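*Asks:* Below is the structure, and that's it, no one-letter string:
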């Protein structure tokens, strides 16, 4: 061969083989480093290289077989060519030196450098490579098929089975990680909303409902003037209507239905004709489930009941939406009643306040996996109703009991004493 081809031609052919080796090595790393979800997005947008790369990666065994076939072919050819060149230049002793130099050249220029480049910029390398590999796989398919059949047979003997190569569905926690790592691609506000949507399964109607003792409704046993005052002062568009107590609910009144009712016609009989049937849901229902149920039933308000049928509270569509987007129709006066600032890090808190709402409005980190109110949290921890002046610490917050009555804590003082981060 050395007699027929000039030395310069052999060296040029060797450089071509090294470039091909670099191409095979770098493209393999690039294709296997592609973000599969970004790849699918680009493919759906019509990017040709992305579409071909996605097709190739559906059968990675064939793709790897093709790359290894090409890479080994050029590497072995390069080794043989170096032996010829070295023998022609320096005889038998030069062959060993040539082998060492080829090893270094392949390691640096055909392996490390292209693979590093491909890992840093996978799409720039993978998409053009996919355009080359796709037709090349068609041409070399018989050889690749035989190679894969042999390798899969070996894996089968070792107990390795070929499972689906399609994209695996992400779990909720994996999706949370994806959203968190999106960084500047998603604004912090939208990122919080996405996380809140993923967390809906963790939150139940018990966490966001208006508790039994705070339900505002219309008692049909009240005087007409009192009923009229409740309607006029209501900040809600839907009110439960009951007899004697909320457990005897008879229906839900949509105040919009009163628009066509003359003032003189506002009486209990006419009121009852405007009522819609109450909608009951069991306590412990995840918000994700309840949101779907609201949509299916075209309801906006539900009464939460326990296993005995006793009403525990009211949950509305607005309550669920606020878990996603944050509060948007809150009465400022309510917030001022729940939390009053005494200083930079000290607050007087109404013990009946909902813990989740306190965490959200004050950016606190009180535990939410147990009782729903501050009063319930303290009583569960101490297993008694403490006397005023009792102090304790929960999650790094110093808490002092200010006022109690016979059956509950009324107010507490909360001081932030969180370690610096």
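*Replies:* The structure has been received and is ready for your questions. Model, not experiment: these values are computed from the prediction. Numbers count the residues shown, from 1 in each chain.

*Asks:* Domain-wise, how is this structure divided?
*Replies:* Here the domain assignment for the chain is 7-157, 169-202, 203-325, 332-416, based on automatic domain parsing.

*Asks:* quick one: least confident helix or strand in this protein?
*Replies:* Of all the helices and strands that make up the chain, the one with the lowest confidence by mean pLDDT, DSSP states H and E is helix 332-338; it has a mean of 55.

*Asks:* Turn the domains of the chain into JSON lines, columns for mean neighbour count.
*Replies:* Using the backbone N, CA and C atoms, a C-beta is placed for each residue, glycine as well. As requested, those are exported to JSON lines (neighbours: other CB atoms under 10 Å):
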{"stretch": "domain 7-157", "mean neighbour count": "16"}
{"stretch": "domain 169-202", "mean neighbour count": "13"}
{"stretch": "domain 203-325", "mean neighbour count": "15"}
{"stretch": "domain 332-416", "mean neighbour count": "15"}
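
*Asks:* Run through the strands of the stretch 101-250 of the chain in chain order.
*Replies:* Counting by DSSP state E, counting those that start in this stretch, the stretch 101-250 of the chain forms strands over residues 210-211, 218-219, 238-243, 245-254, given from the N-terminal end onward.

*Asks:* Which strands and helices lie in contact with the third one?
*Replies:* Under the contact definition 3 or more CB pairs under 8 Å, 6 or more residues apart in numbering; DSSP states H and E, strand 238-243 sits against strand 218-219, strand 245-254, strand 301-305.

*Asks:* pLDDT weak spots in this protein?
*Replies:* Across the chain, the stretches falling below the confidence threshold (pLDDT under 70) are 1-5, 161-170, 183-184, 260-265, 327-337, 417-421.

*Asks:* Report the central residue of it.
*Replies:* If you average the C-alpha coordinates of the chain and look for the closest C-alpha using CA atoms, centre = their mean, you land on residue 176, 2.9 Å from that point.

*Asks:* right, and it touches residue 195 too?
*Replies:* Yes: assessed by CB atoms under 8 Å, residue 176 is found in contact with residue 195 at 6.2 Å.

*Asks:* Who are the contact partners of the residue nearest to the centre of the chain?
*Replies:* Contacts were defined as CB atoms under 8 Å, 6 or more residues apart in numbering; by that measure residue 176 touches 195, 198.

*Asks:* again with the one 10 residues further on
*Replies:* Contacts for residue 186 (CB under 8 Å, 6+ apart) come out as 179, 194.

*Asks:* same check, this time on residue 33
*Replies:* By CB under 8 Å, 6+ apart, the residues touching residue 33 are 118-119, 122, 126.

*Asks:* got these as TSV, with distance to residue 144 columns?
*Replies:* Compiled in TSV, the contacts of residue 33 are given as follows (distance: CB to CB, whole Å):
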residue	distance to residue 144
118	21
119	25
122	23
126	19
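
*Asks:* re earlier: rebuild the strands of the stretch 101-250 of the chain as a markdown table, extending it with distance to residue 304.
*Replies:* Listed next are those as a markdown table, based on distance: least, CB to CB, whole Å:
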| stretch | distance to residue 304 |
| --- | --- |
| strand 210-211 | 9 |
| strand 218-219 | 19 |
| strand 238-243 | 12 |
| strand 245-254 | 11 |
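
*Asks:* how about these, which one is nearest residue 366?
*Replies:* Residue 366 lies closest to strand 210-211 among the strands of the stretch 101-250 of the chain, at 17.2 Å (CB to CB).

*Asks:* ok, the residue nearest to residue 366 when sequence neighbours are not counted to residue 414 distance?
*Replies:* With sequence-adjacent residues excluded and distances taken as CB to CB, 6 or more residues apart in numbering, residue 366 is closest to residue 355, at 5.1 Å. Using CB to CB, to the nearest Å, we find residue 355 at a distance of 12 Å from residue 414.

*Asks:* Equivalent analysis for residue 285, please.
*Replies:* Distance, residue 285 to residue 414, using CB to CB: 31 Å.

*Asks:* and what of residue 232?
*Replies:* 36 Å.

*Asks:* can you check residue 296 too?
*Replies:* The span separating residue 296 from residue 414 equals 41 Å under the rule CB to CB.

*Asks:* Okay, and residue 347 sits in which element?
*Replies:* Per DSSP states H and E, residue 347 falls inside strand 346-350.

*Asks:* OK, contacts around the residue nearest to residue 87 when sequence neighbours are not counted?
*Replies:* With CB to CB, 6+ apart as the measure, residue 95 is the residue that lies nearest to residue 87, at 5.7 Å, once sequence neighbours are left out. With CB under 8 Å, 6+ apart as the criterion, the residues that contact residue 95 are 83, 86-87.

*Asks:* What is the distance between the helix or strand that contains residue 95 and the centre of its chain?
*Replies:* For residue 95, the host element (DSSP H and E) is helix 92-105. Taking the mean C-alpha point of helix 92-105 and that of its whole chain, the gap between them comes to 54 Å (CA atoms, centre = their mean, to the nearest Å).

*Asks:* Same question for stretch 174-186.
*Replies:* On the basis of CA atoms, centre = their mean, the separation between the geometric centre of stretch 174-186 and that of its chain is 7 Å.

*Asks:* Also stretch 378-386?
*Replies:* For stretch 378-386, the separation from the chain centroid amounts to 36 Å (computed by CA atoms, centre = their mean).

*Asks:* going forward can the numbers begin at 780, since that is how I track them
*Replies:* Sure, I'll start numbering at 780, so the last one becomes stretch 1157-1165.

*Asks:* end-to-end on that stretch?
*Replies:* 9 Å (CA to CA, to the nearest Å).

*Asks:* neighbouring contacts of it?
*Replies:* Counting by CB under 8 Å, 6+ apart, the neighbours of stretch 1157-1165 from elsewhere in the structure are 1130, 1149-1150, 1169, 1171, 1173, 1178, 1180, 1183, 1185-1188, 1191.

*Asks:* now swap in stretch 864-871 and tell me
*Replies:* Counting contacts by CB under 8 Å, 6+ apart, the residues outside stretch 864-871 that touch it are 781, 786, 789-790, 793, 873-874, 876-878.

*Asks:* Please repeat the previous calculation with a cut-off of 7 Å.
*Replies:* Contacts to stretch 864-871, defined as CB atoms under 7 Å, 6 or more residues apart in numbering, come from residues 781, 786, 789-790, 793, 873-874, 876-877.

*Asks:* rewinding a little: include distance to residue 969 when you put the contacts of residue 874 into a markdown table, please.
*Replies:* As requested, the contacts of residue 874 are arranged in a markdown table below (distance: CB to CB, whole Å):
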| residue | distance to residue 969 |
| --- | --- |
| 862 | 61 |
| 865 | 62 |
| 866 | 66 |
